[in-house]
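Asker: sequence first, predicted model second:
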Amino acid sequence: MESPVQLLNVLEWVYADRCRAAGQHLPAPAAAEGRVPAPASGADVVPGPVAVPGPAAEPVPVAVPGPAAEPGPAAPDGAAPPAPDGGRPTPGTPNPATPNPDIPTPDATAPFAPPSAGPSGSGAITVVVLSPTDPMTRGQLRRMAELARDEGLTVRWEEARGGAGAPFQTIGSLAPALRRAARIVIGDPFSRYVQLLLTLARARDLVVVDDGTATMEFVAQLARGERLVRWHRTGRRGGAREAVFAPVAAAARRRLTPRRGHRVEVFSSMPVEPPDGVTVTGNAFAWTRERFGPPQLTRGSDLVGTSLAETGVVDLDRYIEAVGALARAHGATRYFAHRRESAEKLRRLSEETGLEIVRPDLPLELIARRGPIGRTILSFPSTVVHTLPLALAGTEVKVAVFDIDPAWLTDTASPRAQGFLSGVTGTARDVHRLDSLPASAP
């Protein structure tokens, strides 16, 4: 796996799968309408993370690849980079950017079966982390790996991008486990690393866990029979590298298509309409709610950042102006940065908006559930407008979302960008929609 969000959702899937196998009901909120629980079965390989439970004496690698992160400066493993200049913790409250040694150890009496008691007698689950190079992502992954180990999972850390020969070494070491696994779990079907690993698999049971809003686009493209292209990419064909990889991508897509003797499940908190034959199981963030919180609430509002400027979708200046206007209008004091936001952008945000910049050491769902968190969380269209209402169910926190103005889009943004972002907002449940910014906004 390459994303801390993927690893969080693997933990949610394992928890839900073992509860089903034990005949236990997950804590409310219930799964969304139309989502059908999937039966537990077989040994598991999770490449997204990839989990391969089995009786092997040596840890069995499972990989959960996700979107490749841009190279960044090295950071000590497990250490979250310092917040940018101006990012100071609020007096008297913990700063989520700093690893917290007081994260509670999961209750041993909770209904989370040990590895030896997994579904259908499967053995220990091993999660293989295909480590990215971005230091912020690595730091969050290290923290999520600690939580996975606390839950009885084995975590194998692969420096999958540690040099020219690293991919070949990683794939070679994973191939035996992938070939013998009865079930494979992946986190990012768009990842070329994942697609390549899928061509080696023989499993009859394939599960895709959420990798954020990208899951919505994946299911839509699968239903339409299209090739898999991330929503913010233009989708233009061309280039020798893409031509060489095309057969691998096509083979992976066939593996992601259900057929007789080959089951495909999507484990998601997103609103998706699956194609025929695909089972969709609702992710209600039951593990997160059982393990953490409820949070202490602050009097103010918090704002959630996005990497839309970094991906070339939104103009940077327009974004910074909009953040400032939202903060002033709603009394926001903290800005929770996305792990892929650049240090230069965050420096500008701190200087031009006066917001305290917080670089979380865990996915925001866990940070918010752990607290302290504002009574209102402001966000642009992103995964959190779907996940935070579930993770914070039963609290007084309100999630408010503001749409991206088409005028903010860059000239190079994908033609699908505006429609996709509007869909993310329009399909979100239990959120408050902000229709306009104050006059001082762009």
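Answerer: Everything's here; your move. Just so it is clear, the model here is predicted, and its values are computed rather than measured. Numbering: from 1, shown residues only.
Asker: tally up the residues packed near Gly426, please.
Answerer: 12 (other Cβ atoms under 10 Å). (Each C-beta comes from the backbone N, C-alpha and C, glycine too.)
Asker: how close does it sit to Val313?
Answerer: 17 Å (Cβ to Cβ, to the nearest Å).
Asker: determine how far stretch 263-274 lies from the middle of the whole chain.
Answerer: Its chain's C-alpha centre and that of stretch 263-274 lie 14 Å apart, by Cα atoms, centre = their mean, to the nearest Å.
Asker: now that stretch: buried residues?
Answerer: Arg263, Val264, Glu265, Val266, Phe267, Ser268, Ser269, Met270, Pro271, Val272, Pro274 (16 or more other Cβ atoms under 10 Å).
Asker: endpoints of it, how far apart?
Answerer: End-to-end distance for stretch 263-274, by Cα to Cα, to the nearest Å: 13 Å.
Asker: and for stretch 251-264?
Answerer: End-to-end distance (Cα to Cα), stretch 251-264: 15 Å.
Asker: what are the buried residues along it?
Answerer: Of the residues in stretch 251-264, Ala252, Arg253, Arg255, Leu256, Pro258, Arg263, Val264 count as buried by neighbour count, 16+ other Cβ under 10 Å.
Asker: next helix or strand past the lowest-mean-pLDDT helix or strand in the chain?
Answerer: None of the helices or strands of the chain scores lower by mean pLDDT, DSSP states H and E than strand 44-45, at a mean of 44. For strand 44-45, the succeeding helix or strand toward the C-terminus, using DSSP states H and E, is strand 126-130.
Asker: what packs against the helix or strand following that next one?
Answerer: Downstream of strand 126-130, the next assigned helix or strand under DSSP H and E is helix 135-150. Identification of packing neighbours for helix 135-150 by 3 or more Cβ pairs under 8 Å, 6 or more residues apart in numbering; DSSP states H and E yields helix 4-21, strand 126-130, strand 154-158.
Asker: state the number of residues packed around the closest residue in space to Arg339 that isn't next to it in sequence.
Answerer: Closest residue in space to Arg339, ignoring its immediate chain neighbours: Met136 at 4.4 Å, by Cβ to Cβ, 6 or more residues apart in numbering. Neighbour count of Met136, defined by other Cβ under 10 Å: 24.
Asker: so Met136 sits right up against Ala343, yeah?
Answerer: No: using Cβ atoms under 8 Å, Met136 is not in contact with Ala343, being 9.4 Å away.
Asker: got TSV for the helices and strands packed on helix 135-150, with mean pLDDT, mean neighbour count and distance to Arg375 too?
Answerer: Converted to TSV, the helices and strands packed on helix 135-150 look like this (pLDDT from 0 to 100; neighbours: other Cβ atoms under 10 Å; distance: least, Cβ to Cβ, whole Å):
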stretch	mean pLDDT	mean neighbour count	distance to Arg375
helix 4-21	93	26	24
strand 126-130	85	31	35
strand 154-158	88	20	35
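Asker: tabulate these (CSV), appending distance to Phe292.
Answerer: Output for the helices and strands packed on helix 135-150, formatted as CSV (distance: least, Cβ to Cβ, whole Å):
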stretch, distance to Phe292
helix 4-21, 11
strand 126-130, 20
strand 154-158, 20
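Asker: verify the contact between Arg348 and Ile320 for me.
Answerer: Yes: counting by Cβ under 8 Å, Ile320 is a contact partner of Arg348 at 5.9 Å.
Asker: what stretches of the stretch 151-300 of the chain score poorly on pLDDT?
Answerer: 231-240 (pLDDT under 70).
Asker: try 80
Answerer: The stretch 151-300 of the chain contains residues with pLDDT under 80 at 230-245.
Asker: and the stretch 1-150 of the chain, by the same measure?
Answerer: Using pLDDT under 80, the stretch 1-150 of the chain drops low at 1, 25-124.
Asker: now with 50?
Answerer: 30-123 (pLDDT under 50).
Asker: sorry, back to before: so which of the buried residues of stretch 251-264 are in strands?
Answerer: Cross-referencing the buried residues of stretch 251-264 against strands under DSSP state E gives Arg263, Val264.
Asker: ok, which stretches of the stretch 201-350 of the chain are helices?
Answerer: 214-224, 240-255, 286-291, 316-330, 343-353 (DSSP state H, counting those that start in this stretch).
Asker: closest to His386 out of those?
Answerer: Comparing these against His386 with Cβ to Cβ, the closest turns out to be helix 214-224 (9.0 Å).
Asker: now the closest one: buried residues?
Answerer: So, applying 16+ other Cβ under 10 Å, buried residues of helix 214-224: Ala214, Thr215, Met216, Glu217, Phe218, Val219, Ala220, Gln221, Leu222.
Asker: from the chain's centre, how far out does stretch 212-223 sit?
Answerer: 14 Å.
Asker: ok, and what's touching it?
Answerer: Residues from elsewhere that reach stretch 212-223 (Cβ atoms under 8 Å, 6 or more residues apart in numbering): 5, 67, 188-190, 208, 227-231, 253, 256-257, 266, 268, 270-275, 278, 280, 381-383, 386, 420, 423-424, 427.
Asker: run the last query once more with 6 Å
Answerer: Val5, Pro189, Leu228, Trp231, Ser268, Met270, Val272, Pro274, Pro275, Thr383, Val424 (Cβ atoms under 6 Å, 6 or more residues apart in numbering).
Asker: pretty sure the last one sits against Ser379.
Answerer: It stands for Val424. No: if you go by Cβ atoms under 6 Å, Val424 and Ser379 don't touch, sitting 10.1 Å apart.
Asker: if we can go back for a sec, most packed of the helices of the stretch 201-350 of the chain?
Answerer: Of all the helices of the stretch 201-350 of the chain, helix 286-291 carries the top mean neighbour count, a mean of 22, counting by mean count of other Cβ atoms under 10 Å.
Asker: helices or strands next to that one in the packing?
Answerer: helix 4-21 (3 or more Cβ pairs under 6 Å, 6 or more residues apart in numbering; DSSP states H and E).
Asker: kindly recompute the last result at 10 Å.
Answerer: Contact here means 3 or more Cβ pairs under 10 Å, 6 or more residues apart in numbering; DSSP states H and E; on that basis helix 286-291 packs against helix 4-21, helix 135-150, helix 364-370, helix 384-391.
Asker: tell me which of the ones you listed sits nearest to Ala284.
Answerer: Nearest to Ala284, of all the helices and strands packed on helix 286-291, is helix 384-391, at 5.7 Å by Cβ to Cβ.
Asker: by how many degrees do that closest one and helix 214-224 diverge?
Answerer: 110 degrees (axes from the mean of the first three to the mean of the last three Cα atoms, to 10 degrees).
Asker: please consider this matter closed, and thank you.
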